[in-house]
Structure formats: structure tokens, C-alpha cells
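[1] Okay, structure incoming, though there's no sequence with it:
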Ligand SMILES: NC(=O)c1ccc[n+]([C@@H]2O[C@H](COP(=O)([O-])OP(=O)(O)OC[C@H]3O[C@@H](n4cnc5c(N)ncnc54)[C@H](OP(=O)(O)O)[C@@H]3O)[C@@H](O)[C@H]2O)c1
């Protein structure tokens, strides 16, 4: 099963100059909660700009560069092939950005973990494919700076919709 974990602001902004636009400790805990002990997938830009190591997660990095060798992670050069291979697995694969990976993986995701950041930030990267109508909310928690929601896709996308 494919899912994704993301935090976005009211304009769907997710990044600025290759890093997160905000530093919200409570929200970082949500990322840990969404991904701990799971298989996770992220683009090379996001992986190379992480502030620290990701412990206790099985990381696969998506890269176009055939010579790229990430530290402490696997690599795939075929994102869509990876998604198709794992979309019906019982094991969950959590897509963790950035923008280009979210955009391509979105149609395959059946579950989502989203932190809806309350304030607007200066951003240069957006999660522009997200549609509220695609999802049912199954859990909601309100924090000072964001609302955390877990969502499930309303209906399966067919191959023709992709
Ligand atoms: N708010 C959040 O929750 C959140 C989470 C994660 C990341 N972010 C933010 O998102 C921003 C980064 O997003 P981004 O889109 O610039 O970078 P990205 O998605 O992390 O990585 C892009 C890299 O992946 C490669 N790539 C993309 N699709 C591919 C494919 N199908 N096959 C092989 N390689 C592929 C790209 O190659 P090409 O250059 O050839 O396309 C590029 O090298 C940062 O600001 C980061 O902080 C935010």
C-alpha cells in the first residue's frame, strides 16, 4: 500500500530553498509518528537536505542520477515502477516528498497523513495535486500551529484516470 506524509500551509506550500519553510517541533513528531519502523520513499533533493539521519526506517531514495549512492538508504531510478510493484502490498510505503515525488505518487496513494499548517509561509514549492474531495478524514487532532489529519482515499483511481 502506498501512503504519503506531508505538511502544507494554507496555500499548499511545502518547501523553501530546498528545506521546510517552518520549524515546528510538534509537527516533526508527527513525521516520526507517520514513518517510524516503516518503508519510506523520498526524492534525492529532500534526502540530501535532511537535517539529520532517519533512524529505524527503511529508506528508498528516488534519483535520476545512475551514479548516485545515498548513505544509509536504497536507491530507485524508476519511481512509477516502484509504486506499481508495491501498491498492492500489505506493507505500507510512505511517500515523504518532495514536490516532484508527491506529484507523481499521488494517484497511487490510498492513505495520507497531513499536517495542515495554520499560518502562511514564504515558499517556492507546492503540493499542487492534492484535492480535498479525494479523501475521507478518519482522524483529526488540533495543535497550536497545525491540524493533523489521517485520510483514506474515497475510491480507487483506475489506470485511465492516471
Ligand atoms: N512540507 C513537507 O512535508 C515536505 C516534505 C518533503 C520535502 N519537502 C520540500 O520539498 C522540496 C523538494 O522538492 P523537489 O521536488 O525540489 O525535490 P524532490 O522531489 O525531493 O527530489 C527531486 C529529485 O528527484 C528526481 N526525480 C524526480 N522524479 C523522478 C523519477 N520519476 N525518477 C527518477 N528521479 C526522479 C529529480 O530529478 P530531475 O531533476 O531530473 O527531475 C530530482 O533530482 C524541499 O523544499 C523540501 O523541503 C517538504
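    Sure thing, it's come through. The structure displayed is predicted, hence computed values, not measured ones.
[2] how about residue 82, what does it touch?
    Taking C-beta atoms under 8 Å, 6 or more residues apart in numbering, we find residue 82 in contact with 41, 60, 62, 76. For glycine as for every other residue, the C-beta is placed from the backbone atoms N, C-alpha and C.
[3] swap that for residue 125, please
    Residue 125 touches 13-16, 98-99, counting by C-beta under 8 Å, 6+ apart.
[4] And for residue 27?
    7, 115, 117, 143, 145-146.
[5] Which residue is the nearest non-sequential neighbour of the spatially most central residue of the chain?
    The residue lying closest to the centre of the chain (C-alpha atoms, centre = their mean) is residue 96, at 2.8 Å. Of all residues not flanking residue 96 in the chain, residue 42 sits nearest, at 4.4 Å (C-beta to C-beta, 6 or more residues apart in numbering).
[6] measure the one you found to residue 75 for me?
    The gap separating residue 42 from residue 75 is 11 Å, by C-beta to C-beta, to the nearest Å.
[7] okay, and the common contacts of the two?
    60-62.
[8] mean confidence for stretch 8-17?
    When pLDDT is averaged over stretch 8-17, the result is 97.
[9] Same list, the contacts of residue 27, but as CSV with secondary structure and distance to residue 50 please.
    Formatted as CSV, these follow (DSSP: H, G, I helix; E, B strand; the rest coil; distance: C-beta to C-beta, whole Å):
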residue, secondary structure, distance to residue 50
7, strand, 15
115, strand, 17
117, strand, 19
143, coil, 23
145, coil, 21
146, strand, 20
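[10] Show me how to select, in ChimeraX, the buried members of the contacts of residue 125.
    Listed next is the ChimeraX selection for buried residues among the contacts of residue 125, using 16 or more other C-beta atoms under 10 Å:
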select :13,14,15,98,99
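[11] Which of the contacts of residue 125 fall within helices?
    residue 99 (DSSP state H).
[12] Please list which of the contacts of residue 125 also come close to the ligand.
    14-15, 98-99 (C-beta under 6 Å from any ligand atom).
[13] Out of the residues you listed, which comes closest to residue 150?
    Distance to residue 150 across those (C-beta to C-beta) is lowest for residue 14, with 18.1 Å.
[14] show me what contacts the closest one?
    Contacts of residue 14 (C-beta under 8 Å, 6+ apart): 6-8, 20-21, 97-99, 102, 123, 125-127.
[15] The shared contacts of residue 42 and residue 75 also near the ligand: which ones?
    Within those, those near the ligand by C-beta under 6 Å from any ligand atom are residue 62.
[16] Before I go, just wanted to say thanks for your time.
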